[in-house]
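[1] give me the fold of what follows.
(chains A and B)
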Number of protein chains: 2
Amino acid sequence: MSNKEGYIGVFDSGIGGLTVAGSIMKSLPNENIIYFGDTAHLPYGTKSEKQIREYALNDVTFLSKFDLKALVIACNTADSVAKGTLEEQFDIPIYGVIEPASHMAARTTKNNRIGVMATAATVRSQAYTRTIHWYNDQAEVFSLACPLLVPLVENGRYRKDDIVVTTVLQEYLDQLLVHDVDTIVLGCTHYPLLMDAISSLVPDLNIISSSEAAAETLRRSLIEQDLLKETPGSTRRYYVSDDPDHFHENAVLFLGDEIQAEAELVRV
Amino acid sequence: MSNKEGYIGVFDSGIGGLTVAGSIMKSLPNENIIYFGDTAHLPYGTKSEKQIREYALNDVTFLSKFDLKALVIACNTADSVAKGTLEEQFDIPIYGVIEPASHMAARTTKNNRIGVMATAATVRSQAYTRTIHWYNDQAEVFSLACPLLVPLVENGRYRKDDIVVTTVLQEYLDQLLVHDVDTIVLGCTHYPLLMDAISSLVPDLNIISSSEAAAETLRRSLIEQDLLKETPGSTRRYYVSDDPDHFHENAVLFLGDEIQAEAELVRV
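    So this is what the prediction gives:
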């Protein structure tokens, strides 16, 4: 089934997944995109696996009402615990963020010591450890739950000159540096906003954004399947399950000023 | 109807309400308490009012299966948007946190300038402003959303020697100090853990904890109604809608080491 004009469905528990959507817009500017942020139930990172799977099923049930050619789980937590369940239930090619970032980290490391910064739920799932080992069985993976980073970013605190940001980041990074890692995966879609602050603190390390890695994998896969949209122009639609105004305020942070992201409210 | 042996039902979106439960345990050690933390849907503070009312109705529907003599909304957000709805639906005396703290602030201020620190939803509801005015129509109320304080406390960052805590607090406090307030209400049940840090930064101000104020109002009301439990010993039961292990870890922070709070999982 070839469907070049179909939508790329992207979902997350909230707004973090917009860094994935933003990376897709950059590398595939002609594609039609439907974004769904399940803001009524955010954050997923603190919920149980059963609960997260239930939410993810509802999210994709909503998105699958549209004509989708690909679905992107733009949330490390949902990817780590719900991807298998979603693949069983839906007949759409499903892309995550963990596999692309793991693949890139496995190829990038020189000393086979990789750190992963993520939410507690993603760390508990051990999804990065398993996936990185699948690509590089020599690698040692050190995963660290960094629960304060999402609230900091969502409150606009991600700049490298903010003592709050650098103190919290330095404490987290120290826990990875003791393991002599040479590569760090930002295993949460909020974290790419911290890229500058992290790079300033550890300028010699390779920092891999799961959002950029996911967009690059999607691009290559669409090319391989001959599914790239060929007509110019794109439709982008945004839906949230709660509080569209709050979404709009934060979308500017995640997508940049140039993209107008007005979200419609849906109940899932 | 007199029911001295009945339970005091206490609910919150998560663990913050434990500071209210803890204050009740301190001032009314013989009372039977049922605590429900709706951890599947936390935090309420970022959700819409409609959604919060829906959650609160489910919470109290669960608690009302027990023989309750009083119900305490141990969550400023739920109190501010859902108390009226709950009073319409349930025939139980319902106590909040906002009225007790407002009453105390209205009596305490000398210059009639009162600051309120709370979640975004509580601030939007203007419940503190309205309630303080009801007790003191001369008072000017300055409310400030402090969205980073809950995540900081939940990550164990509340001590007065933590630069992250003091930097974030100082920025929030500065926004109230420009209004020359002499009294500040901690309008979120997480904030009493920050009492020391806040008092160190603004030692000359009156800081009012909504958790302590709520427990004191409940105590006086039970005495007036002749509803104090007279038999010694107490039953305390804890329920959560998600992740009881996480609840247990944090309960130590909120109730202190001496109280063993093991929660059972229920779906609401």
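[2] neighbours of residue A:178, just the number please.
    Residues contacting residue A:178 under the criterion other C-beta atoms under 10 Å in any protein chain shown number 9. Glycine gets a C-beta too; all of them are placed from N, C-alpha and C.
[3] please apply the same query to residue A:59.
    A total of 28 residues lie near residue A:59 under the criterion other C-beta under 10 Å.
[4] one more: residue A:247?
    For residue A:247, which is what you asked about, the neighbour count (other C-beta under 10 Å) is 24.
[5] need the three-state assignment for it.
    helix (DSSP: H, G, I helix; E, B strand; the rest coil).
[6] per-residue pLDDT, it?
    On the pLDDT scale, residue A:247 is placed at 85.
[7] my read is that it contacts residue A:15, right?
    Yes. Counting by C-beta atoms under 8 Å, residue A:247 sits close enough to residue A:15 to count as a contact (6.2 Å).
[8] common neighbours of these two, please.
    Contact criterion C-beta atoms under 8 Å, 6 or more residues apart in numbering or on different chains; residues bridging residue A:247 and residue A:15 by contacting each: A:37, A:39.
[9] excluding its backbone neighbours, what's nearest whatever residue of the stretch 51-200 of chain A ends up closest to chain B?
    When distances are taken as C-beta to the nearest C-beta, the stretch 51-200 of chain A approaches chain B most closely through residue A:151, which lies 3.7 Å from it. In this structure, residue A:151 finds its nearest non-sequential neighbour in residue B:151, 3.7 Å apart by C-beta to C-beta, 6 or more residues apart in numbering or on different chains.
[10] for that neighbour, what is the enclosing helix or strand?
    When elements are assigned from DSSP states H and E, residue B:151 belongs to helix B:149-154.
[11] now that helix: mean pLDDT?
    Per-region confidence: helix B:149-154 scores 92 on mean pLDDT.
[12] burial of the nearest residue in space to residue A:136 that is not next to it in sequence, as a residue count?
    If the residues on either side of it in the chain are set aside, residue A:136 comes closest to residue A:106, at 3.7 Å by C-beta to C-beta, 6+ apart. Residues near residue A:106, counting by other C-beta under 10 Å, number 22.
[13] the helix or strand where residue A:106 lies packs against which elements?
    Residue A:106 belongs to helix A:98-108 when assigned by DSSP H and E. When contacts are defined as 3 or more C-beta pairs under 8 Å, 6 or more residues apart in numbering or on different chains; DSSP states H and E, helix A:98-108 packs onto helix A:76-89, strand A:113-118, helix A:127-135, strand A:183-186, strand A:206-209, helix A:210-224.
[14] need those in JSON lines with distance to chain B, mean neighbour count and mean pLDDT, can you?
    Shown next, in JSON lines, are the helices and strands packed on helix A:98-108 (distance: least, C-beta to the nearest C-beta, whole Å; neighbours: other C-beta atoms under 10 Å in any protein chain shown; pLDDT from 0 to 100):
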{"stretch": "helix A:76-89", "distance to chain B": "13", "mean neighbour count": "22", "mean pLDDT": "94"}
{"stretch": "strand A:113-118", "distance to chain B": "15", "mean neighbour count": "27", "mean pLDDT": "97"}
{"stretch": "helix A:127-135", "distance to chain B": "18", "mean neighbour count": "20", "mean pLDDT": "97"}
{"stretch": "strand A:183-186", "distance to chain B": "19", "mean neighbour count": "28", "mean pLDDT": "98"}
{"stretch": "strand A:206-209", "distance to chain B": "22", "mean neighbour count": "21", "mean pLDDT": "97"}
{"stretch": "helix A:210-224", "distance to chain B": "21", "mean neighbour count": "20", "mean pLDDT": "96"}
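[15] now render the ones you listed as a markdown table, adding distance to residue B:116.
    A markdown table is the format used below for the helices and strands packed on helix A:98-108 (distance: least, C-beta to C-beta, whole Å):
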| stretch | distance to residue B:116 |
| --- | --- |
| helix A:76-89 | 33 |
| strand A:113-118 | 35 |
| helix A:127-135 | 42 |
| strand A:183-186 | 36 |
| strand A:206-209 | 39 |
| helix A:210-224 | 37 |
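[16] so which of those comes closest to residue A:100?
    With C-beta to C-beta as the criterion, residue A:100 lies closest to helix A:210-224 of those, at 3.7 Å.
[17] got the residues of chain A near chain B?
    The interface of chain A toward chain B, taken as C-beta under 8 Å from any C-beta of the partner chain, is made up of A:39-42, A:46-48, A:51, A:147-148, A:150-152, A:154-155, A:157, A:163-164, A:167-168, A:242-243, A:246.
[18] selecting buried members of the residues you listed in PyMOL, what would you type?
    In PyMOL, selecting the buried portion of the residues of chain A next to chain B, with burial taken from 16 or more other C-beta atoms under 10 Å in any protein chain shown, looks like this:
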select buried, chain A and resi 39+40+41+42+46+47+48+51+147+148+150+151+152+154+155+157+164+168+242+243+246
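[19] domain-wise, how is chain A divided?
    In the assignment given by automatic domain parsing, the structural domains of chain A cover A:7-96+A:213-265, A:98-210.
[20] pull up the distance across the shortest one, start to finish.
    From the first residue to the last, domain A:98-210 extends over 7 Å; the measure is C-alpha to C-alpha, to the nearest Å.
[21] ok, the first one next?
    Terminal residues of domain A:7-96+A:213-265 lie 19 Å apart, using C-alpha to C-alpha.
[22] any regions of chain A where pLDDT drops low?
    Along chain A, the model assigns pLDDT under 70 to residues A:1-2, A:257-259.
[23] make sure residue A:194 is indeed in a helix.
    Yes. Residue A:194 forms part of a helix when assessed by three-state DSSP.
[24] contacts only, for it.
    A:149, A:153, A:158, A:165, A:169, A:186.
[25] tell me how far it lies from residue A:85.
    From residue A:194 over to residue A:85 the distance is 30 Å, taken as C-beta to C-beta, to the nearest Å.
[26] now do residue A:263
    Separation of residue A:263 from residue A:85 (C-beta to C-beta): 26 Å.
[27] what does residue A:127 give?
    13 Å.
[28] again, but for residue A:64
    From residue A:64 over to residue A:85 the distance is 14 Å, taken as C-beta to C-beta.
[29] flag every buried residue along the helix holding residue A:106.
    For helix A:98-108, a neighbour-count test (16+ other C-beta under 10 Å) marks A:98, A:99, A:100, A:101, A:102, A:103, A:104, A:105, A:106 as buried.
[30] contacting residues for the first one?
    If I follow you right, that is residue A:98. Taking C-beta under 8 Å, 6+ apart as the contact definition, residue A:98 lies against A:76, A:79, A:80, A:122, A:127, A:128, A:131, A:187, A:210.
[31] distance check, the third one against residue A:184.
    Translated: residue A:80. As defined by C-beta to C-beta, residue A:80 lies at a distance of 17 Å from residue A:184.
[32] kindly report the same for the fourth one.
    Distance from residue A:122 to residue A:184, counting by C-beta to C-beta: 14 Å.
[33] do the second one as well
    The gap separating residue A:79 from residue A:184 is 18 Å, by C-beta to C-beta.
[34] count the residues that sit near the nearest residue to residue A:133 once chain neighbours are set aside.
    Computed as C-beta to C-beta, 6+ apart, the closest residue to residue A:133 that is not its neighbour in sequence is residue A:139, at 6.5 Å. Counted with other C-beta under 10 Å, the burial measure for residue A:139 works out to 18 neighbours.
[35] need the contact list for residue A:139.
    With contact taken as C-beta under 8 Å, 6+ apart, residue A:139 is in contact with A:105, A:106, A:109, A:112, A:113, A:114, A:132, A:133.
[36] that older thread, isn't the residue nearest to residue A:136 up against residue A:138?
    No. Using C-beta under 8 Å, residue A:106 makes no contact with residue A:138, being 9.2 Å away.
[37] most neighbours among the contacts of residue A:194, please name it.
    Neighbour counts for the contacts of residue A:194, by other C-beta under 10 Å, peak at residue A:186, which reaches 29 neighbours.
[38] isn't that one up against residue A:117?
    Yes. Counting by C-beta under 8 Å, residue A:186 does reach residue A:117; the two are 5.9 Å apart.
[39] list the contacts of the closest residue in space to residue A:199 that isn't next to it in sequence.
    Using C-beta to C-beta, 6+ apart and skipping the chain neighbours, the partner closest in space to residue A:199 is residue A:207 (5.9 Å). Residue A:207 sits next to A:183, A:184, A:186, A:195, A:198, A:199 when contact means C-beta under 8 Å, 6+ apart.
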